[in-house]
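Asks: Quick check, what structure comes out for this input:
(one chain, ligands or ions: 1)
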Amino acid sequence: MVSLSFLPFVTSLLPFTKPIPGNSPIEQCDISSKQSLKLYSVDLSPNPPERGQNLTITASGFLSDDIEQGAYVDVVVNYGYIKLLTQTYDLCDELPNIDMTCPINNGDYTLTKIVQIPNEVPPGKYTVFARAYNKDDSMISCLTGTVEFPQLL
Ligand SMILES: *[C@@H]1O[C@H](CO)[C@@H](O)[C@H](O)[C@H]1NC(C)=O
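Replies: Numbers count the residues shown, from 1 in each chain. Sure thing, here's the model as predicted:
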C-alpha cells in the first residue's frame, strides 16, 4: 500500500489557486494574500491559445487601491520543469501595452488585449505566474495559467 502521509506536505508547497469566471485557463493564485484587484471574468479567444493565431484577452474587474508609480510585477514562466524566465517589470512602464497609464484610480475596469502568438513557439507546457504589487509591496493580483502547445505534425 502506498503511503499518503506526504500529501499535506506536498500541497503546502503549492500556491493556492482559485478559478476566475470566464473561458480561460487563468486562475487567481496566492489566494491567502489580500489582493486589491478582484477579477469578475477573464476570457481568451481562442481558448486554449493557438500558435500562429491572434489571442484576444478580455478581462473585467474591480480595483480597490490606486496603482501609482513604483508598482511592479514579478513574472515567472516555467517550460515543463525548466524555469524559462523570472523577471520583474515596472508595472507603470508596461501599462501602455494595454492602453492604460499610471496612476490608475480604484474602480471598475474592462480591458481587451490582442497578442499575436508566433508560429515558432516550441511545443510543450508553459506555466506563467504573474504577481503584481503596489509600491508599498501590497499585492494587487496574483495570476497563473498553463498552456500546452501540441507537437507539430
Ligand atoms: C493578427 O493581427 C494582426 C494585426 O491586426 C494582423 O495583421 C494579422 O493578420 C492577424 N493574424 C491572424 C492569424 O489573424
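Asks: Following the lowest-mean-pLDDT helix or strand in the chain in sequence, what is the next regular element?
Replies: Counting by mean pLDDT, DSSP states H and E, the weakest-scoring helix or strand in the chain turns out to be helix 7-13, with a mean of 55. Next in sequence after helix 7-13, counting helices and strands by DSSP states H and E, comes strand 17-19.
Asks: Tell me which other helices or strands that next one touches.
Replies: In this structure, strand 17-19 packs against strand 27-29, with contacts taken as 3 or more CB pairs under 8 Å, 6 or more residues apart in numbering; DSSP states H and E. C-beta coordinates here come from the backbone N, C-alpha and C atoms, glycine included.
Asks: Give me the next element, helix or strand, following the strand it packs on.
Replies: Strand 27-29 is succeeded, C-terminally, by strand 37-45 (DSSP H and E).
Asks: Could you give the separation of that following strand from the chain centroid?
Replies: On the basis of CA atoms, centre = their mean, to the nearest Å, strand 37-45 sits 10 Å off its chain's mean C-alpha point.
Asks: do stretch 134-141 as well
Replies: Per CA atoms, centre = their mean, the displacement of stretch 134-141 from the mean C-alpha position of its chain is 15 Å.
Asks: Return the residues of this protein in contact with the ligand.
Replies: Contacts of the chain with the ligand, taken as CB under 6 Å from any ligand atom, map to 53, 54, 116.
Asks: Can you tell me the number of residues neighbouring the nearest residue to residue 65 once chain neighbours are set aside?
Replies: Closest residue to residue 65 apart from its sequence neighbours, by CB to CB, 6 or more residues apart in numbering: residue 36 at 4.0 Å. Counted with other CB atoms under 10 Å, residues neighbouring residue 36 total 18.
Asks: what's the spacing between residue 36 and residue 83?
Replies: Distance, residue 36 to residue 83, by CB to CB, to the nearest Å: 27 Å.
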